[in-house]
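**Q** okay, predicted coordinates and the sequence, questions at the end:
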Amino acid sequence: MKNTIKNCFIVLLFYCFFTSSIALGQTPSSTASSSPTIAVDKDIQQLKDKIANKVSEIRKQNNKAVSGFVQSIDGNMMKLTNNGEVNQVKFDDTLTKVFKVLGTTKKEIKTDDIAKDDYVIVSGVVTDNIITANVVLIDENFLVDSGKITEINKESYNIKVLTSDKNTYSLDVETGTKQYMVNIKTLLREAIGFSKLKEGDTVHFVVKKTGKEKNNNYSAVKILIIPQEYFIK
C-alpha cells in the first residue's frame, strides 16, 4: 500500500515538474493569454484529485475490522485472540481513538486503560499483516441462544442445554443470574427460582463470554423459561 501511494506522488511530482518546465521555457509576453496556465493548473488539480481518490480507494480496500480478547499489550502493540485466530494491532498516538461502551453510550478513554482479557473491537488499516487502529471499542461479548434443557444438576445449580444447532451448553445458574418464566395462563414473565426448572423446558439464555471458557461452560447472565406445557396445551 505504501509503495502504491509513493508511486502516485512520484507521478504527481513528475507531472508538476514537466508542466513547470514548459511554463518556464515559454517567452514572456505582455499580451500573452493566461488561459494556458489556467489549463495547466486545472490538469494538475485533476491529477491530484485522481491520486486522492486512488489513495482513498486503497485505504478502503485495506480497512479491516476484527474483534477478540486482549492477550498482551507491549508498548504500542496489542495482540488479540478469538477462537484460535490471532491479530496484531498497532496504536498510533495521533490517530487511534479508544472508547469504552457503557450501555447505549460510549466514553473516550486512553490506550493505557486497555487491560489484558478485555474484549475489544478494532477498526483500522492493514499493512504487513498489522492493523493500525483507527478506533478501538472496549465492550462485553455476550452470547444469546436458546434450546431444550436436557439435564439439571440441583447440587451444582447447573443445567445442560441442547440448541437447534446441536450445540450443548453447560450453564451455571448463580445468585446473580436473572431467572424468569413465562406464565402459560397470562403469558406474562415472572421471576422464579432454580427449583422451577424442568428437563424438556425451552430456555432462552444470555451469557457473557470471557475467552476463558472450557467445554462450552458459561455463567448465565439471564434465562427465560418457556414450560413445555405451553406447546401442548
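**A** On my side now, so go ahead. Numbering: from 1, shown residues only.

**Q** bridged to the spatially closest residue to Ser164 that is not a sequence neighbour, which residues?
**A** Leaving aside its sequence neighbours, Ser164 sits nearest to Gly147 (Cβ to Cβ, 6 or more residues apart in numbering; 6.7 Å). Just so you know, the C-beta spots here come from the backbone N, C-alpha and C atoms, and that holds for glycine as well. With DSSP bridges as the criterion, Gly147 is bridged to Thr163, Val203.

**Q** equivalent analysis for the one 5 residues further on, please.
**A** On DSSP bridges, the residues paired with Ile152 through beta bridges are Ile159.

**Q** host element of the most centrally placed residue in the chain?
**A** With distances taken as Cα atoms, centre = their mean, Ile121 lies nearest the centre of the chain, 3.4 Å away. Assigned by DSSP states H and E, Ile121 falls within strand 119-127.

**Q** strands paired with that strand, and their directions?
**A** As assigned by DSSP bridges, strand 119-127 forms pairs with strand 63-74 (antiparallel), strand 130-139 (antiparallel).

**Q** export those strands to CSV and tack on mean pLDDT?
**A** Converted to CSV, the strands paired with strand 119-127 look like this (pLDDT from 0 to 100):
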stretch, mean pLDDT
strand 63-74, 91
strand 130-139, 93
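
**Q** Ser156 is nearest to which of these?
**A** In terms of Cβ to Cβ, the element of the strands paired with strand 119-127 nearest to Ser156 is strand 63-74, at 26.2 Å.

**Q** what sits up against the closest one?
**A** 78-82, 85-87, 89, 114-126, 131, 141, 210-211 (Cβ atoms under 8 Å, 6 or more residues apart in numbering).

**Q** only whichever of the residues you listed are buried, select them in PyMOL.
**A** Buried members of those, defined by 16 or more other Cβ atoms under 10 Å, are picked up in PyMOL with:
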select buried, resi 78+79+80+82+87+89+114+118+119+120+121+122+123+124+125+126+131+141+211
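
**Q** going along the chain, name the helices of the chain.
**A** Along the chain, counting by DSSP state H, helices occupy 2-25, 35-62, 229-232.

**Q** domain ranges for this protein?
**A** 2-62, 63-140, 142-232 (automatic domain parsing).

**Q** least reliable of those domains by average pLDDT, please.
**A** In terms of mean pLDDT, the lowest-scoring of the domains of the chain is domain 2-62 (a mean of 52).

**Q** returning to what we had before: list the contacts for the residue nearest to Ser164?
**A** If a contact means Cβ under 8 Å, 6+ apart, then Gly147 has 161-164, 167, 169, 202-203 as its contacts.

**Q** mind checking how far Val89 is from Arg189?
**A** 41 Å (Cβ to Cβ, to the nearest Å).

**Q** might you report the residue contacts of the residue lying closest to Ile226 once chain neighbours are set aside?
**A** Distances taken as Cβ to Cβ, 6+ apart put Thr202 closest to Ile226, at 4.3 Å, once the chain neighbours are dropped. Thr202 is in contact with 146-149, 225-226, 228, 231, counting by Cβ under 8 Å, 6+ apart.
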